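Enquirer: coords please:
(one chain, ligands or ions: 2)
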Amino acid sequence: MHISWHGHSCFIFETFSKHKLIIDPFIKENPLSDLDINQINVDYIVVTHAHNDHFGDTIELAKKTNASVISTVEICQFLNQFDIDTIGMNIGGQAQFPFGSLKLTPAFHSSSLNYDGKTIELGLASGIILDDGYKKIYHAGDTALFSDMSLIAPVDCALLPIGDHFTMGIEDAVKAVELIKPKKVIPMHYNTFDLIKQNPYQFAEKVKNNIVYIPKIGELIKI
Ligand code: NI
Ligand code: MN
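Expert: Ligands and ions are numbered 1, 2, ... in the order given. As a prediction, the model looks like this:
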């Protein structure tokens, strides 16, 4: 599997089957993003929760690409008014897709959307586990540290927030790595805004066995 990081919690996964998925497409308002919404070609859009720094440009991107949106049932129900193809799931559920399997995991977080001047509550926040038949990746979404992360172990790669303030910070993310036992860890959800300023190299130093990889924006990483 090939993955690339596009700032904040936005990743593009290209699976063994050559399907492309974008996770948390926060693009236009994301100061770290290298993506041009008119040039993105994806088969699926996965949204971990409704906060605008994750839901981001889902509506526009789904319209432009005809990609199906995979998310919680509440977010999918909200999207249905825009005539977007959705696959609603819920926490703990796994489903089979042409690219492999995808499961929604718990995330200790909230999930509201600011839309049209209103705040809309859209169910629970989630993380995702994607397994393309060869590699298993855990994208934690936004979450606090919780001990049941140990049930997710082991994975080939874990994408973990380290920004603090709204999610785990470095200290808790180090503990999360011990629970998840990934072969590789990529930090996310940091340095996008002042409130989540962190030094990812400090995180890398604290995690045992040298398994943290800090990619450049847009760099292609082979998992
Ligand atoms: Ni959030
Ligand atoms: Mn967030």
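Enquirer: do you know how far the closest residue to Glu14 other than its chain neighbours is from ligand 1?
Expert: Distance criterion C-beta to C-beta, 6 or more residues apart in numbering; nearest residue to Glu14, sequence neighbours excluded, is His2 at 4.4 Å. No exception for glycine: its C-beta is placed from N, CA and C like everyone else's. Distance, His2 to ligand 1, by C-beta to the ion, to the nearest Å: 26 Å.
Enquirer: what pairs with His2 across the strands?
Expert: With DSSP bridges as the criterion, His2 is bridged to Glu14, Lys222.
Enquirer: surely it and Lys222 touch.
Expert: Yes - counting by C-beta atoms under 8 Å, His2 touches Lys222, with 5.8 Å between them.
Enquirer: just the element for Glu178, please.
Expert: Using DSSP states H and E, Glu178 sits within helix 170-180.
Enquirer: following that helix, which helix or strand comes up?
Expert: strand 182-188.
Enquirer: which outside residues touch that following strand?
Expert: 3, 5, 8-9, 11, 138, 153-162, 173, 177, 198, 200, 203-204, 207, 211-215, 221, 223 (C-beta atoms under 8 Å, 6 or more residues apart in numbering).
Enquirer: would you confirm that Asn90 contacts Leu104?
Expert: Yes - the pair Asn90 and Leu104 passes the contact test of C-beta under 8 Å, sitting 6.4 Å apart.
Enquirer: okay, the two: which has more neighbours?
Expert: Leu104 (24 against 13; other C-beta atoms under 10 Å).
Enquirer: quick one, phi/psi of the more buried one?
Expert: phi -90, psi 130 (degrees, to the nearest 10).
Enquirer: can you pull the contacts of the residue nearest to it when sequence neighbours are not counted?
Expert: Of all residues not flanking Leu104 in the chain, Ser126 sits nearest, at 4.3 Å (C-beta to C-beta, 6+ apart). Applying C-beta under 8 Å, 6+ apart, we find Ser126 in contact with Thr48, His49, Ser71, Thr72, Ile91, Leu104, Thr105, Pro106, Ala107, Gly141.
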